[in-house]
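>>> I would like to see how this sequence folds:
(chains A and B)
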Protein chains: 2
Amino acid sequence: MDRRRILLIIFDGLGDRPVTELGHKTPLEAAPKPNLDWFAANGMNGLLDPIGPGVRPGSDTSHLALFGYDPFEVYTGRGPFEAAGVGIELQKGDVAFRCNFATVDENLVLKDRRAGRIKEGTADLAASLNGMKLGRHRVLFKEGTEHRAVLVLRGKGLSARVSDTDPHEEGQKIAEAKPLNGKGKATAKLLNAFTRKAYEILKAHPVHAKRVKNGLPPANMVVCRGGGVAPDLVPVREKYGLKAAGIAGVALIKGMFRATGMDVLDVKGATGGLDTDMLAKAEAALLALTTYDLVVVNVKAADLCGHDGKASEKIRVVERMDQMMGHLRAHLPQDVIVAITADHSTPCAIKDHSGDPVPLTIFGEGIRVDEVPHFDERSVAKGSLGCVVGRDLMPILLNQANRTEKFGA
Amino acid sequence: MDRRRILLIIFDGLGDRPVTELGHKTPLEAAPKPNLDWFAANGMNGLLDPIGPGVRPGSDTSHLALFGYDPFEVYTGRGPFEAAGVGIELQKGDVAFRCNFATVDENLVLKDRRAGRIKEGTADLAASLNGMKLGRHRVLFKEGTEHRAVLVLRGKGLSARVSDTDPHEEGQKIAEAKPLNGKGKATAKLLNAFTRKAYEILKAHPVHAKRVKNGLPPANMVVCRGGGVAPDLVPVREKYGLKAAGIAGVALIKGMFRATGMDVLDVKGATGGLDTDMLAKAEAALLALTTYDLVVVNVKAADLCGHDGKASEKIRVVERMDQMMGHLRAHLPQDVIVAITADHSTPCAIKDHSGDPVPLTIFGEGIRVDEVPHFDERSVAKGSLGCVVGRDLMPILLNQANRTEKFGA
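Presented below is the predicted three-dimensional model:
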């Protein structure tokens, strides 16, 4: 039985709902996409509910499900995956938060939730907080892209059951972290202590002084949200016997790769933005397939258009995705099983993730090709895969790659 | 509400993948099969994942699922079903193994894993081992077809968590049974003691002397594999209120029937091989339907062709299956619900079971007939049953037979 390699392509936020201005087509239906259609026409197709029917997934919970983990069991918050994304090695019991550098006034009222989307000096700011001691607990702090950062609290007896210090709206005072149940009491206290100390340190920081001189809002505060416990995930190598690697522009998705034991491949030009170099990602994926059993590629661009409600821009992104698929189509080795799907829908009409299912195409030598001609939300619904949930994807791909263990005899 | 009877026909290993030499059709798609198509055209159709999407089923785990049991809960190994198949009445706590009579040299190196596919004298050989005492534990041993046999260890404190003594490859020494966790320690010791004693008894057995004189390899050893604990299954009569019977050629499937409380009907000419008399099975099923509520028929032949990788032979088997269905079609009473499916795919390209779903057709008076014209892997994917899993089959059939209890009021 010839074992095959697997290429899993996740077009972030690709699914959509019909758009009136597009003649009641979805952006994916409206876009010319000969290569995506070719994969659908020569593959098996279906609809995929990343978490379950009607469930609105986050990118984090959805990627967990697509990699075969049960998010209801292992997911407590986004923080740990952001932490893994910026390269913090988590230990069991760590609690991690997503943070923003922010601007507050002397009454701790939020003036700018992103400190003017600060770019310069964040490494220095983060370094000034990293290593802070709070009694017997320790702080790890690391900057992400722009105003983003990650806080990790390390020590005994921590819990993720605490509310955010991020008030989420400007004009509001920094929120006091509160325990969400009895267990979160000590952690809430620590988080509040961190927030006070961070303000004292940051407001006196030289980076801040320089910004104010240039008329920019000072990054004198840190707001935290999405606290979660570092999950204890069985690595994909152990779970499936797969040597796996991931390609993504954004830190969160890189964190999903690291947390599940995949190598993170850095690709020049893979930004996670609209300007991302999709062809470079395709090239990197083809190269990775020479040494890895499973290669996952995340392309974020379609999601951004959905969040901005820009349907025509989403069409242009689909056209670029299609060029990427054309490059893969031209250079793909014969023994690779390709899956093309999304982590969730981000309908332009909603400007956020929705629980609408996403298209799924599986392509490869010798599979049961069905009669679906197009890769879009409604065409694939007639495919032979029917409706599957995210957690079924890996078993289905492993079967097509001839890599599953027999259950029974 | 008129209660109906149910005829469940399981074509073992029938599902396949497209075969290049068949113009990218599966054997089932390529075969002329007017009767199977007639049932599909006049029935409801769908795809069935016996255990779950992508999961590669054994015949044992799959039959458990098709009968409505959760194999993840009740299945520990194949041994107990083989034991039931040869007619050993298992008791709670028994651990059973599948065995081969084999040939070893004086260093216990495996020379012939099937002792020249020994046929004669196996009942005598088995009798010489049956009843053996190992301390406080007792041995039950019974021959199966040809070189096959079953070992049951009976007594307190046994576990199925032991490794095989079967080295699975000739030229290897008989393996020492080892505990797979702490619980298996005592059982591994017993299994090794049995193996040593069996060798001493068998090498001195008169059957053996006669074989050597005729230039045949002596059956001087027993190798064991697939240890499992006798599962405590609620009989189908209790579970569904059905008086049930099964028809099959092979011992394992007969064991599945017995273990789930079905009567095993012996049919002359039902061999479990390619030469099996399918019309005799159809006749026996029709007769059984006069006294039973549920009749299950297993036809093994298609699976054998898949394991051998013989696509054109699989087509000829489908043609014979179709004649069997023609006989049923001509003589079927009106109040019978017929389900036609498989326990798993055995693609000729894989030569083993795969996790690809199998076709399912349900036929009967007054059901919601859909527009599927053919009984094959891709045609049924467009049917009204969609994708179902094995464990859903019995509830669906019981509903069509007007035999389900209302849940709620």
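>>> switch to C-alpha atoms for all contacts and neighbour counts from now on
Fine.
>>> for stretch A:57-72, buried residues please.
The neighbour-count check on stretch A:57-72 (16 or more other Cα atoms under 10 Å in any protein chain shown) flags A:57-71 as buried.
>>> wait, which of the residues you listed is closest to A:Asp303?
A:Ser59 (9.9 Å; Cα to Cα).
>>> wait, a strand at A:Lys185?
No: assignment of A:Lys185 by DSSP: H, G, I helix; E, B strand; the rest coil gives helix, placing it outside any strand.
>>> and it, what is it in contact with?
A:Val162, A:Lys178, A:Pro179 (Cα atoms under 8 Å, 6 or more residues apart in numbering or on different chains).
>>> please apply the same query to A:Arg391.
Counted by Cα under 8 Å, 6+ apart, A:Arg391 has contacts A:Pro50, A:Ile51, A:Ala65, A:Leu66, A:Phe67, A:Gly68, A:Tyr69, A:Asp70.
>>> out of those residues, the closest to B:Asn42 would be?
Taking those together and measuring to B:Asn42 by Cα to Cα, the closest member is A:Pro50, at 34.9 Å.
>>> pLDDT below threshold where in chain A?
For chain A, applying pLDDT under 70 flags the ranges A:1.
>>> ok, the residue positioned nearest the centre of it to chain B distance?
Nearest to the geometric centre of chain A sits A:Ile253, at 3.7 Å (Cα atoms, centre = their mean). Taking Cα to the nearest Cα, to the nearest Å as the measure, A:Ile253 falls 25 Å from chain B.
>>> repeat that for A:Glu169.
Counting by Cα to the nearest Cα - A:Glu169 and chain B are separated by 44 Å.
>>> quick one: contacts for that residue?
A:Leu110, A:Arg113.
>>> what about it, which SS state?
Quick answer, by three-state DSSP: A:Glu169 is coil.
>>> repeat that for A:His208.
Going by three-state DSSP: A:His208 is helix.
>>> isn't it right next to A:Ala219, touching?
Yes: when contacts are counted by Cα atoms under 8 Å, A:His208 is listed as touching A:Ala219 (6.2 Å).
>>> common neighbours of the two, please.
Listed as contacting both A:His208 and A:Ala219 by Cα under 8 Å, 6+ apart are A:Leu202.
>>> of these two, who's got more company?
A:Ala219 (31 against 18; other Cα atoms under 10 Å in any protein chain shown).
>>> relative to B:Gly306, how far out is the residue of the stretch 251-400 of chain A found nearest chain B?
Going by Cα to the nearest Cα, chain B is nearest to A:Ile396 of the stretch 251-400 of chain A, at 3.9 Å. Here A:Ile396 is placed at a distance of 20 Å from B:Gly306 (Cα to Cα, to the nearest Å).
>>> got it, and A:Ser62?
Counting by Cα to Cα - A:Ser62 and B:Gly306 are separated by 37 Å.
>>> now swap in A:Tyr69 and tell me
With Cα to Cα as the criterion, A:Tyr69 and B:Gly306 are 33 Å apart.
>>> burial of the residue in the stretch 201-350 of chain A that chain B sits nearest to, as a residue count?
In the stretch 201-350 of chain A, no residue comes nearer to chain B than A:Tyr240, which is 12.6 Å away by Cα to the nearest Cα. Counted with other Cα under 10 Å, the neighbours of A:Tyr240 add up to 17.
>>> same question for A:Leu134.
By other Cα under 10 Å, 16 other residues sit near A:Leu134.
>>> distance check, it against A:Lys183.
18 Å.
>>> what do you get for A:His24?
Taking Cα to Cα, one finds A:His24 at 50 Å from A:Lys183.
>>> rewinding a little: neighbour-wise, which of A:Ile396 and B:Gly306 wins?
B:Gly306 (27 against 22).
>>> quick one: contacts for that one?
Applying Cα under 8 Å, 6+ apart, the residues near B:Gly306 are B:Gly13, B:Leu14, B:Asp16, B:Lys314, B:Thr346, B:Pro347, B:Cys348, B:Ala349, B:Ile350, B:Lys351, B:Asp352.
>>> cool, and A:Arg211?
A:Pro217, A:Pro218.
>>> so which bits of the stretch 301-409 of chain A are right by chain B?
A:366-368, A:370, A:382-387, A:392, A:395-400, A:402, A:404-409 (Cα under 8 Å from any Cα of the partner chain).
>>> so what touches stretch A:25-37?
A:14-19, A:22, A:311-312, A:314-316, A:318-319, A:322-323, A:325-326, A:329, A:373-377.
>>> selecting buried members of those residues in ChimeraX, what would you type?
Selection of the buried residues among the contacts of stretch A:25-37 in ChimeraX, burial being defined by 16+ other Cα under 10 Å:
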select /A:14,15,16,17,18,19,311,312,314,315,316,318,319,322,323,325,326,373,374,375,376,377
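>>> cross the contacts of stretch A:25-37 against helices and list the overlap.
Among these, the residues falling in helices (DSSP state H) are A:Ala311, A:Ser312, A:Lys314, A:Ile315, A:Arg316, A:Val318, A:Glu319, A:Asp322, A:Gln323, A:Met325, A:Gly326, A:Arg329.
>>> what sits against the second one?
So that's A:Ser312. Counting by Cα under 8 Å, 6+ apart, A:Ser312 has contacts A:Pro27.
>>> excluding its backbone neighbours, what's nearest whichever residue of the stretch 51-200 of chain A sits closest to chain B?
Chain B sits closest to A:Gly68 of the stretch 51-200 of chain A, with a gap of 12.0 Å, by Cα to the nearest Cα. Distances taken as Cα to Cα, 6 or more residues apart in numbering or on different chains place A:Arg391 nearest to A:Gly68, at 4.6 Å, with adjacent residues excluded.
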